[in-house]
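Pasting the sequence and the predicted model now:
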Amino acid sequence: MELAEFTQRLASCSGLTSAQKALGILWFESSKDHSVSKTSNQLARSIRDCRIGNPNPAQLESQIRKLRLTIRANGGHALKADARSTVAGWFGDAIRSFESDVPHDDGYLPAGVWAGTRGYIENVCKQLNGCYYHAFHDAASVMVRRLVETLIIECYEHLGRDSEIRDGDGNPFMLGELVNRSTGQGGLSLGRESKKALKDVKEIGDRAAHSRRFTAVQADLDKSRSGVRLAADEMVQLSSLKRQPTSSKTAKN
């Protein structure tokens, strides 16, 4: 997907400020290279060239700084590593508008694993497949991380063991501890490959979300793809997220 195509979708998101549009462009252009930085003049020019606004560069500079989602780099603005999900949330509709193009039946995580579970789990999986299909590999890595975190919690809650994964205030542990507990002695009944996949997901997801100099590539995701599918399938079954079909014999009774 090219920038012009992306900004056309960006224009369909109502209520965005010039600063949000600028950071949306910066998010897109830094998806494959986190070292990308842009000055306010460059971002204002991109907005004008893409015909989604005509901001004043000086005012745009002030607006971007107020958002506190960038750092100064090479004389311009670069997104903070932990700001990417915030920025992506502003134009979720622009990403979802490409959903019809995504082959969910044969995506990174096939629909057969997650379809019919919970709406919030299905939405995460759709975003995961969409990011992977459109080569937003950092975003896909973060979505895998989020999915794993959600499924672990679902398993413990369904098994009536959620106290094992919560702190004194009742909040779930961070992913690292969730993975440690679910894969350790007395954890979840997962196979060896699934346990390894959970650890791999935590590692790549942390890097994609928090490391400013790390950029995920397709090979990083493909390395654990089969393991993620197996782990997700096992945890969906452990948490009984899918209702079992009622047999005709049972229905007659």
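Ah, there it is.

who touches stretch 156-173?
149, 152-153, 177-178, 181-182, 188, 238-240 (Cβ atoms under 8 Å, 6 or more residues apart in numbering). Where C-beta positions appear, they are placed from N, C-alpha and C, glycine not excepted.

buried subset of these?
Using 16 or more other Cβ atoms under 10 Å as the burial test, the contacts of stretch 156-173 include 149, 152-153, 178, 181-182, 188, 238-239 as buried.

still on that earlier bit, widest-spaced pair of the contacts of stretch 156-173?
Farthest pair in these (Cβ to Cβ) is E177 and S240. Separation: 23.9 Å.

Closest one of the buried ones among the contacts of stretch 156-173 to A208?
For the buried ones among the contacts of stretch 156-173, the nearest to A208 is E149 (13.9 Å; Cβ to Cβ).

How about the closest one, nearest residue that isn't a chain neighbour?
Spatially, and ignoring its direct neighbours in sequence, E149 is nearest to L175 (5.0 Å; Cβ to Cβ, 6 or more residues apart in numbering).

my guess is that neighbour contacts L151, does it?
No: counting by Cβ atoms under 8 Å, L175 stays clear of L151, with 11.3 Å between them.

neighbour count winner among the two?
L151 (26 against 19; other Cβ atoms under 10 Å).

now H77: how far from E61?
9 Å (Cβ to Cβ, to the nearest Å).

Can you check which residues contact both of those two?
Common neighbours of H77 and E61 (Cβ under 8 Å, 6+ apart) are S40.

Looking at the two, which one has more neighbours?
The neighbour comparison of H77 against E61 (other Cβ under 10 Å) goes to H77, with 26 against 19.

same for the host helix or strand of the more buried one, what does it pack against?
Using DSSP states H and E, H77 sits in strand 76-79. The contact analysis (3 or more Cβ pairs under 8 Å, 6 or more residues apart in numbering; DSSP states H and E) places strand 76-79 against helix 18-29, helix 40-49, strand 70-73.

rerun at 7 Å
The contact analysis (3 or more Cβ pairs under 7 Å, 6 or more residues apart in numbering; DSSP states H and E) places strand 76-79 against helix 18-29, strand 70-73.

Which other helices and strands does the longest one contact?
Helices and strands in packing contact with helix 18-29 are listed as helix 3-10, helix 40-49, helix 57-67, strand 76-79, helix 84-90; criterion 3+ Cβ pairs under 7 Å, 6+ apart.

Would you tell me which of those gets closest to S30?
Per Cβ to Cβ, nearest to S30 of those: strand 76-79, 5.8 Å.

Please parse this protein into its domains.
Domain assignment of the chain by automatic domain parsing yields the ranges 3-89, 98-238.

mean pLDDT for those: which is lowest?
Per-stretch mean pLDDT for the domains of the chain is lowest at domain 3-89 (a mean of 86).

burial count for A4?
So A4, with other Cβ under 10 Å, has 10 neighbours.

show me the contacts for H137.
216-218, 220-221 (Cβ atoms under 7 Å, 6 or more residues apart in numbering).

ok, for V36, nearest residue in space, not its chain neighbours?
Using Cβ to Cβ, 6+ apart, the nearest residue to V36 is S30, at 4.1 Å.

Count the neighbours of that neighbour for me.
S30 has 20 neighbours, counted by other Cβ under 10 Å.

again with K66
By other Cβ under 10 Å, neighbour count at K66 equals 9.

list the contacts for the residue lying closest to it once chain neighbours are set aside?
Nearest residue to K66, sequence neighbours excluded (Cβ to Cβ, 6+ apart): A19, at 7.5 Å. With contacts defined as Cβ under 7 Å, 6+ apart, A19 is in contact with 60, 63-64, 67.

Please apply the same query to F91.
F91 neighbours (Cβ under 7 Å, 6+ apart): 10, 13, 24.

Over to A4?
Contacts of A4 (Cβ under 7 Å, 6+ apart): C50.

Quickly note the distance from it to L26.
From A4 to L26 the distance is 16 Å (Cβ to Cβ).
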